[in-house]
Every structure is written in C-alpha cells, then in structure tokens.
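Q: how would this look folded up:
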Amino acid sequence: MSMQVRDLIKAVRGCKTQQKIREVITRESALIRNSFRKEDKINRPRNIYKLIYIHMLGFPSEFGQLECLKLIASPSYIGKRIGYLGLSILVKENQEVLFMSTNIIRNDLSSEDRYIVGLALAALGNIGSSEMLRDLAPEIEKLMESESSYLKKKATLVAIRTIRLVPESVDRFIGKVRTLIGEKNHGVVLTGLQLVLSIVKTEPETIVKFRKLVPGLVRMLKSLINSGYSSEYDFRGTADPFLQYNILRLLRYLGEGSKKSSKLMADILTQVGTSGGITKNVEIAILYEAVLTILSIESDSKLRVTAINTLSRFLSGRHNNSKYVALNTLLKAVNTEPKSLKRHRKVIVECLKDQDISIRRRALDLVFGIMDKQNVESLTQELLDCLPKAENEFRYDITAKICTAIEKFPPNDKWQIDTLIKVLTIGGQYIRDDVSSMMTSVIGRNPDLQYYTSKKLFNILLNDRYRNQTFLQVSSWVIGEYGDILMQKSEKDGELITTTQALDLFQILLESSRTTDGTKYYILTALIKFSTRIEGHDELIKKIIKPYREHVNVELQQRACEFFLLFDYSEIRDPILDRMPVFVEKEIELEIEEEISENNNKGMNYNLQENTHTIQNQINNIQNIQNIPNVQNTQNTEMNELLMLNTDTKKTQTQNKQDSLNFLKEIFNGSSSSNTNNMNNMNNNMNNNMNNNMNNNMNNNGGQDLGLDLGLGLGLGLGLGMNNQSQRQNQNKMQMQKQQNQNQTINQNKNQNQNQRQVQNQSQNKSQNQNQNQNQSKVQNQPIIVYEKNGMKIEMNFKVGNIRGAPAVMSIIKTTNSSPLLISNYLLQVAVPKTLKAQLSQPSGQNIPPNGNGSINQQLQIIKMVNQKTQLAILLRINYVINGQKIVENKEVSNIPIIF
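A: Modelled structure (predicted):
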C-alpha cells in the first residue's frame, strides 16, 4: 500500500544519497501506477498530490495526466481543485492531453458555483493554448460582464492571455475596458488597466481611442494620493501602490506623442514627483514610474527638471537598486536634458566611488555623457583620481573614456599632452592601443610642445625607470624622435640634459629584466635615431646595439643587425631615419569636403557608364599587393592564393625586393637606371656583410626573410635581408660582377638615352594626368562603409589628387567597434589591379576597444601606373579576433565612383 504524502516527504528527506532517493521514488511510482490501474477513486487525489511532489523533484510523472482529467470531470469541488492543480503543473500547453479538457472546462465555466468557475478560469490563465482560448472566447467575454468581482478579475486575466496568444480577438474585448476601469473594486480596475496595456502593445493604433481615458485616470490617481488611511488597500502607509504604479504606466503610453494628453497629466505628475519619499520600496517604485512617464511624454522643461531632480535623490540614497536604475534612466536623458544633468555632477561623480562595480560602470558612462569643453578638465581629473584605486578590469574602461574625452574635447594641446602623460603613468597596460599614436600626432603638429613633452617624459623616466611598458615605449619614441631638440633647448634653459645621460638611461633599460622585448624594439629604434640627430656618439651607440645582434629574440636580433649595418651607409641612413611626418587625417577630410563643394558648384558629374571593364576582370589581373609591415611570408602566400597569383616563390621574392628598392628610390627622388644599379650594388655589398656577420643566425631561422623593419611608422619593410636561396643568387651575381663591370660603360650610355625618353614620356603623362584630374567631377562626400559585421565597421574616405605628378587617390581607413567585446589582432591587407600601385600605412593599433570607445586609422595611397582610363577597385583581406574566435574575411570594394 502506498504511503501518505507527508510520509513520502519524510522518506525522501531521510535519504542520504541520490541512489536512495531514486529507490524511494521508483517504489512509490510503481504503487501509484498500480492504484491508477485499479481505478481507485478514493486514493486518486492523494496520488495526484504525490505525483506533483515527484514532478517537483524532477522524476517522470506523465502517467498521471489522464488521472487529472478524471478528477476535473468529477462533481466534487475538492477533486476538481486537485485535478486543476495537477493539470496546471503536470501538463504543458502544447500537449494533446490538454485538448481533451476543453469540453470539461467549458462545462465548468457555465457552472453556478463561482468557485468552480474560478478554478476553470485559473487553469485557462495558466496553461490555456491558443486553440482552447479561441474556442472559449465567448464564455470568457460573458464572464467579464458578471456581477461578481471575483469572476471579473479572473476572466479579465484570461482575456489578457487570449489577446497575447490570439491577437485577432482584440476587438472582442475593447468594449469592456471602460466598464472595468469604472468599477469600485480595485482588483477589477487593476486587471482592466492590464487589459488596456495588453491591447495597446498588441495594436498600437488603438492608443488614440484610449486617450479619452486620461482625465478619468488622472482623477483616480489624484484620489489615491490625497486619500487617507484605508485598511483594505493600504500597504506600508501608501494607498494601493500597485494601482498607482499601473495608472502611471498606462499614462506613459497614452501621453507619448500627444501634447494634449501630456498637458492633462502634467499637474498630477508634478505632485507625484515632489511629494513621495525614497525610504521605502513602494515609494521608490511609484517615483521611478512617474519619472519614466515624465521623460516619455511631451512634457515641458520644468517637469523634466523635476524628473532629473528626483533621480538625483535616488543617487543620494542608500539603496543600490535605486541608484542603478537612476543612473540608467539618466543615461537616456543625456541627449535631451544635458544642462539639468550637469547641475548634479557632484552626485554623479560620487557614484564612481561606490563599492558596487555595476554602479561604477553606469556612473562612468554618465560622467562621459555630460562631458563638454567647459567641464572636461575637472571631470577628467575626477576620473584620474579614481584610476589608481580601480580594479584592473575597470581601469581599461576608465582610460578608454578619458582618452576619448581628450580626443573629443581638448581645450588646448598642452593640456592634452599633460593628461595623456598622466594616463600613461597611472593607467599602465590598461589603455587603448591608439593612445601612443594620438600623442605623437599632437606632438608632431605642435613644434612648441616637442621640447616640453620630451623633457617631461625624460625627467619622469629618469626618476622612475621601471614604469609600465606602454609609458616606456612612448617615452623612448618621443626622446628618440626629438632628442636633438631636447639637448639644444635644455642647454639654453640652464637645465642641461646630455646625450650621455640619455644613452646611459637607454642602456640601463635595455639591460633590465623588467623591460619586455616589445619595449626594447622602441629603445633600439630611439638609439639609431640618436645617431642622426646628434653627432659624435656613433661608437657608443654601436657599442650598445652590438650585443643584441646575437639575441635569442629574432625580431630584436634583426633590428640590431640592420641598424648596425646602417652605420656603414650614411647616405641612406639620414633619409630613412628622418623625422616623422605629421598625421593629417583631419586636413585630408577637410580638403575632400572643400573639393566636393567646389565640384558641386560647378555642376560636374561622373559618367560611370564610360567604364567598360568589370571589377572582376580587374581583380583577376591584380599584381600589386601592399601589406601592413611585419607580416610573415605565410601571410603573403595566403594573399597570393586569394588573388589567384600563380607565381612561384622565387619570382615573388625577387619582385618584392625590386618593389622595395623602387619605392626607396622614389624617396630619394632617383630616376635613372644608374641609380638603380648603384642601389643594387650597395644591396649586394650589404648582403655580403650580413652573410659574414649573421651566417649562423640565418641558418637557425630556417631561411626566413629578415626584412628591414625600422619601426619608424613608415609603413614599409625594406627587404635588405636574404634567405638561403637569395644567398646563392648573390654568390652567382658576385662571380659575374667582373663581366658586368666591363659592359657597364656601354649600359650607362644606353640607360642615359632611355632616361631621356622616359623623361619626355613622363612629362607627356603628367600633362595628360592633369587634364584628367581637371575632368574629375565628383568625390564621395560621405564615407563609404566597406565592411560591417560583428560590431566592426570599416569606413573609407576618398580624395583625388596627385603624388609626384601621377594621378592618385588618398583614402583614410577608419575601423571602429560598436560591439561589447574587444577586437584584437586586427590586420588589414589591400590589393589593387596591376595598373595601380597601393601604399598602406601602419595602423594606429591592433586592438579596437568595445562600445565605440576608440578606432584604428590608416592611410591608403593608390597611384595610377599606366596611361589609360581605369575604374578604381580594391580587394581587402580583414583579419581579427573577437570573443576568442579568429576571423579572416575577403571584401571586394566595388562602389567607388572614381575613374582615373
């Protein structure tokens, strides 16, 4: 015989293992099945109770579903109550067993016993399916007109579920709304308000009809606020807070977009917003709903100020929940009420010191939202004060907001530099990747700040040599770039900073175990720059660099070897290590806008139909590939496969080397073939020296191409290193050098004649290019979005111009990240048709902060190489990592309205 429900619970609680519990449940389930087979009507309710408990423990209970139907069909109220309870718990709304209960529920809805009707309505409201509710809608509508408030409440709740599952039944219940809201029973009124909200959400066009209810709702809310104590509806000193809350919520929907309705509810909203307290949860809930209503309707400025003041009171309270919702709501009001928010700046800033990290994050977003040029200095200082005590994951958010504010609202360049230095010293490694590029850009365009910045960084570095690595990298770059200015002006100011001091400091940092290899790259680059900025210290610099030619880090070894070799070639060392040009992104955008306006005034238009070549035909002939510096040979091979370039490795390496020499020749304005021969001879001599000094190192590297990566931000790698195959080629060339020298005189004469013809052709091409540029009619005014996926967006601005007399297109590539995840290891590769030549600068960083808090910028130059009309086409390869997943995608840019 099966046990009582109480005994079953005790037996389960007394089990010490899961195995014992399973044994008890299995034994009892078998007894219950046996009882169901014998049609034991007496113990059926008790068995259903036990099945409900078994179901709560997670064990199978489906075999009792039909027994629930038998119980609800019984005439006994107790049996029906247990049956409906079991039906609501053991049966899901999509099971066929539930359909079998439709007729039984219809009969119970027609019962004279209101409690039986209430059981049927409760079951429909919980598990009623769309088919059941559609069939029983007439009975539900009839019960909504019942004289019993008990049945009206339950029928209205079932009507709400019916509207949600059967939207076409809305018209059946709209006429019952006014009667329900006019009832004296607060429970019926509350369900009537919920019915209106359900109808409005299902069919928004019905809002116009329901706006006639606004005066009555306002009177009802006013009576609740002004009424005295009522034991029936009072809850902790507040008259029916649930009804007040729902009235305010409905008023928010009805007042949105209607000035007339908003005006009718303005007075009562002012009364609610100013009279309530913030000590109890019910008071906070009503005030918060009133604030949301004020901010959503067409309210005047005074009423909105009242709402902002109420939210400020929340921030001063002790409830973290109210603080959080207040900060979230204030964030939504930043664009509409910025002046009112700035009055509560102190309270908002105080939330940055809260112990709850979620409140601090919302406060940080709000502080950034109220920033402008007037308060950026004080608010930035507040954020800097919070930075040292912040957790590591929160530091990144703070530094990202500070850097964005520095870039967006700089009062002057000196403040911008000082603040960036503070961020570098305090923020450590938790800063955006483009901070260094931002700082170098500000220094480059302000010659007056070059000495100030380099001196300040040098003094900080001198007093504390073991700052964070990002600060060491930026300091090394600035001191190396403007070392001559630092030495000269410090002597005039009486604060002598000697070159020996700087070199000793760099040597100590290089030898320190705390300095990472990435920072050592910057220090070596700063040392080689010192050799061109300040004379007389080459031997000391060579002494410092020399040990790193045998370093275990391949890239560090490569830089040291190449830098060391540059001392033997002073004629190319100075131009290569010349001062960095100023980044001119904003100027280029301004020039594009001016040119567009001029072209629009002249009424010039492109005739894109003249282009008879398709983009696919051009991409099949792509030959010129420009990659980001420091890209390995495997990436170049992947790009060649992508572009269907069927060239062997030897030809590709030779072509890359020749392209690098040609580009270097353009830097020095070389044009004759004799200059090319001189460069080739110089390259061979350098390779021979490298073979003597680095033979073992190159063998250990497996023949990898040690390209000259100067780390100067030039955006190119000069392929002066050679792999094993190119070594053998150089040896063969050296053997044939004597024969080439005999014919050198004859070749020079021929080359001179060829150069004269080339100069004539270039002058003709230049005049033709100028005529073509004059006919260039229109450039895209708005940036073109070439890629948008996973929150990452790549935009390109284009400007038509000339580079060294050749037609060219300059483009600014801006990459942003609107997703909540960090995008890292960003790499962009560009390919153009063989009739064009692309030069892509180094990116401003490799990581893109989330939520639009930063961007990566690059410059792209596309030069026309042949004298024929060409449609601009670009192929991009995009590499990045998001949420731990590496993504590589190819994107064809074909919507560029530019014809050379």
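
Q: Count the neighbours of Ile247 for me.
A: Ile247 has 26 neighbours, counted by other C-beta atoms under 10 Å. Using the backbone N, CA and C atoms, a C-beta is placed for each residue, glycine as well.

Q: Identify the residues contacting Lys332.
A: The contact partners of Lys332, by C-beta atoms under 8 Å, 6 or more residues apart in numbering, come to Leu295.

Q: Going along the chain from whichever helix or strand Lys152 is part of, find the next helix or strand for me.
A: According to DSSP states H and E, Lys152 maps onto helix 149-165. Using DSSP H and E, the helix or strand that follows helix 149-165 towards the C-terminus is helix 170-174.

Q: packing partners for that next one?
A: helix 137-143, helix 149-165, helix 186-202 (3 or more C-beta pairs under 8 Å, 6 or more residues apart in numbering; DSSP states H and E).

Q: State the mean pLDDT of it.
A: If you average the pLDDT over helix 170-174, you get 91.

Q: Outside of it itself, list whatever touches it.
A: Applying C-beta under 8 Å, 6+ apart, the contact partners of helix 170-174 are 137, 141, 144, 159, 162-163, 195, 199, 202-203, 206, 209.

Q: for the stretch 701-850 of the chain, which spans come out with low pLDDT?
A: For the stretch 701-850 of the chain, applying pLDDT under 70 flags the ranges 701-782, 804-805.

Q: just checking, Gly237 touches Lys280?
A: Yes - using C-beta atoms under 8 Å, Gly237 makes contact with Lys280 at a distance of 7.5 Å.

Q: So between these two, which is more surrounded?
A: Taking other C-beta under 10 Å, Gly237 and Lys280 do not tie; Lys280 has more neighbours (16 against 11).

Q: the inter-axis angle of the helix holding Lys152 versus helix 186-202?
A: Interaxial angle, helix 149-165 versus helix 186-202 (axes from the mean of the first three to the mean of the last three C-alpha atoms, to 10 degrees): 10 degrees.

Q: Give the buried residues for helix 149-165.
A: Neighbour counts over helix 149-165 (16 or more other C-beta atoms under 10 Å) mark 150-163, 165 as buried.

Q: Please tell me how far whichever strand or helix holds Ser531 is from the chain's geometric centre.
A: Using DSSP H and E, Ser531 sits in helix 517-533. Taking C-alpha atoms, centre = their mean, to the nearest Å, one finds the center of helix 517-533 at 34 Å from the center of the full chain.

Q: and whichever helix or strand comes after that helix, what other elements does it pack with?
A: Scanning forward in sequence from helix 517-533 by DSSP H and E, the next helix or strand is helix 538-545. With contacts defined as 3+ C-beta pairs under 8 Å, 6+ apart, helix 538-545 has these neighbours: helix 499-511, helix 517-533, helix 554-566.

Q: For these, give me a markdown table that also has mean pLDDT and mean neighbour count.
A: Below are the helices and strands packed on helix 538-545 laid out as a markdown table (pLDDT from 0 to 100; neighbours: other C-beta atoms under 10 Å):
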| stretch | mean pLDDT | mean neighbour count |
| --- | --- | --- |
| helix 499-511 | 90 | 17 |
| helix 517-533 | 91 | 22 |
| helix 554-566 | 92 | 21 |
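
Q: looking at those helices, which is closest to Cys15?
A: Nearest to Cys15, of all those, is helix 517-533, at 60.2 Å by C-beta to C-beta.

Q: who touches that closest one?
A: 469, 472-473, 476-477, 479-481, 483-484, 499, 502-503, 506, 509-510, 515, 537-538, 541, 544-545, 548, 553, 555-556, 559-560, 563, 566-567, 573-574, 577-578, 710-712.

Q: tell me the SS of Tyr826?
A: For Tyr826, the assignment made with DSSP: H, G, I helix; E, B strand; the rest coil gives strand.
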